[in-house]
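A.B. asks: I would like the atomic coordinates for the input below:
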Amino acid sequence: MSDAPSPRGAALRSARELAQAISSVERGGAGADALIQEALAQLATATGPAARVIGVTGPPGAGKSTLVGALADRAREEGRRVAILAVDPSSAVSGGALLGDRVRVEERPDDDGRFMRSIATRGSGRSLSHAAAAASLLIEAAGFDLLFIETVGAGQADLGIVRLADLVLLVEGPEGGDEVQAMKAGLLESADLVVVNKGDRPGADRAVERLRSGLALGADAPEVLLTSATEGSGVTELLRALDAAALRRGRGGRVRRVAAHLAAAVEARAAERLRAAEADGRLEALARGITDGLRPLSGAVDELLQG
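C.D. replies: Alright, predicted model coming up:
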């Protein structure tokens, strides 16, 4: 396996430097903004294709982490530089990710073409934090060709992956019933590809047929595939299907990620101002004034956002 220098990677960060940069954007502040601006400046002069960002979502227990690891292995065999960003629930105490990449996907410390990192949701209702959007730009600027973003598998909240990723892969298990919940949550409407993992278990073929039957009723139904990440079956075919779907989607991925970063930054700023208004009593005072008829409801939201 050989890693030719990426057109985006004239000044590739080491894994340690990239991890430190992502930690900085998690903390926020002027230093974080400078790092993101530096990444954008490097990407603006890049001559090669944009990195491909694949969002991986689905219910807990479907084997998302194992499948992402298997896809990363296949991509590395082809010489692609691969990063994995695991979006995990936040700790109420530390604010950090409850699950780390060390317990999710096998590490390869001797492989500089493979990078793994966990990002905390930090209470984001969309399951994708401001830091996750910024980290995707840092990872691309560091010269990685393929980025998998694995979400927490929290149903409706996982629809936030649509904003950031070029493609959305929905992973289902073979046990039955999860695909119905996915339909209710709207995940199937947003998925570019659907895969039933753990294909070596009983019921996997039936789950595929149920999904295909249900999706056949709608327009532009995503393809449904079958894999067994632990046995390696169907993984290469899935990677090929993702590549083909990306080619059909066309260009614009980098603009999508910058837009996702801006949207996430706006949401984060609004959340900060709301927390401040709750802490200093302005929110309650404003609500009391409206309730007592001392002021109109109109304009209250703008007043809170203006700080």
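A.B. asks: how about the strands in this protein?
C.D. replies: When secondary structure is read from DSSP state E, the chain shows strands at 52-57, 82-88, 114-120, 146-150, 167-172, 193-196, 223-226.
A.B. asks: and residue 15, which of those is closest to it?
C.D. replies: Minimum separation from residue 15 across the strands of the chain (CB to CB) falls at strand 114-120, 5.6 Å. (Glycine included, C-beta is placed from N, CA and C.)
A.B. asks: can you give the strand pairings for the closest one, parallel or anti for each?
C.D. replies: Based on DSSP bridges, the strands next to strand 114-120 in the sheet, each with its direction, are strand 82-88 (parallel).
A.B. asks: chain center to the partner strand: distance?
C.D. replies: Relative to its chain's centre, strand 82-88 lies at 7 Å (CA atoms, centre = their mean, to the nearest Å).
A.B. asks: give me the angle between that strand and strand 52-57.
C.D. replies: Angular relation of strand 82-88 and strand 52-57 on a 0 to 180 degree scale: 30 degrees, by axes from the mean of the first three to the mean of the last three CA atoms, to 10 degrees.
A.B. asks: could you find the closest non-adjacent residue to residue 38?
C.D. replies: The shortest distance from residue 38 to any residue other than its chain neighbours is 7.7 Å, reached at residue 141 (CB to CB, 6 or more residues apart in numbering).
A.B. asks: these two touch, right, that neighbour and residue 37?
C.D. replies: No. Judged on CB atoms under 8 Å, residue 141 makes no contact with residue 37 at a distance of 10.7 Å.
A.B. asks: which of the two has more neighbours?
C.D. replies: Here residue 141 and residue 37 are compared on neighbour count by other CB atoms under 10 Å; more neighbours surround residue 141, at 26 against 11.
A.B. asks: ok, the more buried one - contacts?
C.D. replies: 8, 38-40, 42-43 (CB atoms under 8 Å, 6 or more residues apart in numbering).
A.B. asks: state the pLDDT value of residue 291.
C.D. replies: In this prediction, residue 291 carries a pLDDT score of 94.
A.B. asks: over to residue 169?
C.D. replies: In the prediction, the pLDDT value recorded for residue 169 is 94.
A.B. asks: so what sits opposite the spatially most central residue of the chain in the bridge?
C.D. replies: Nearest to the geometric centre of the chain sits residue 149, at 3.7 Å (CA atoms, centre = their mean). According to DSSP bridges, the residues that bridge with residue 149 are residue 55, residue 85.
A.B. asks: now do the buried residues in stretch 225-235.
C.D. replies: If you call a residue buried by 16 or more other CB atoms under 10 Å, then stretch 225-235 has these buried ones: 225-229, 234-235.
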